[in-house]
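>>> sequence unknown, structure follows:
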């Protein structure tokens, strides 16, 4: 309600949604959703990429949870043997989320025609709300959003999930091949927990408030 107005007054035609989903297994469904939503005048766009702190590719892993719509498809999970627990690797394209937000979302304008009824200034200026549930990549994406300034300059509200289950560790992200910068090594869930606390402390210093809870 705070971001999009009352459910009875808002109109879906005023909202533009970008769904980042790197798993090729879900591509057909997202294309169908695009067509179905377009018929209602809703602007929904499937982005077949992973979110990262640099452009390139990452090795994602299918982990045998097809019965759960492959919730665990991730580049952050510790490697498993081919065929063990569904451990099938697949390279997927990854975009630097901070750069994409800066180039494609920052400076955006509201639609020429507003269909809903919005109070308290809503609708006169665009509002950007982002869900960040990237199966472990939040440990590299969130710092990049923070320290590039994009999180403060472009995003009005962000919510997401930190993953620190034992099966994700050790977690490793390679540095940029050209600059040698970046990269991350988290050897255990304990290390990740400490890293998370420091990230949230920095986040609060930028945004002023942050609430943690269990989202499932």
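Perfect, I can see it now. From a predicted model like this one, the values you see are computed outputs, not experimental measurements.
>>> grab the nearest non-local neighbour of residue 37.
residue 44 (4.2 Å; C-beta to C-beta, 6 or more residues apart in numbering). Quick note: C-beta positions are derived from backbone N, CA and C, even for glycine.
>>> do residue 183 as well
residue 175 (3.3 Å).
>>> pretty sure the residue nearest to residue 37 sits against residue 34.
Yes: the pair residue 44 / residue 34 is scored as a contact, 5.6 Å apart, by C-beta atoms under 8 Å.
>>> hmm, back to that, which phi and psi does the residue nearest to residue 37 have?
Backbone torsions for residue 44, taken as degrees, to the nearest 10, come to phi -130, psi 130.
>>> distance of it relative to residue 159?
19 Å (C-beta to C-beta, to the nearest Å).
>>> what lies in contact with the longest helix belonging to the chain?
The longest helix of the chain (DSSP state H) is helix 189-207. Helix 189-207 is touched from outside by 139, 142-143, 146, 151-152, 162, 164-166, 168-169, 171, 186, 210, 212, with contacts defined as C-beta atoms under 8 Å, 6 or more residues apart in numbering.
>>> would you say the residue nearest to residue 183 is within a helix?
No: assigned with DSSP: H, G, I helix; E, B strand; the rest coil, residue 175 falls outside any helix and is coil.
>>> check contacts around it.
Counted by C-beta under 8 Å, 6+ apart, residue 175 has contacts 181, 182, 183.
>>> just the buried members of those residues?
Buried subset of those (neighbour count, 16 or more other C-beta atoms under 10 Å): residue 182.
>>> residue 130: which of the contacts of residue 175 is nearest?
residue 182 (21.1 Å; C-beta to C-beta).
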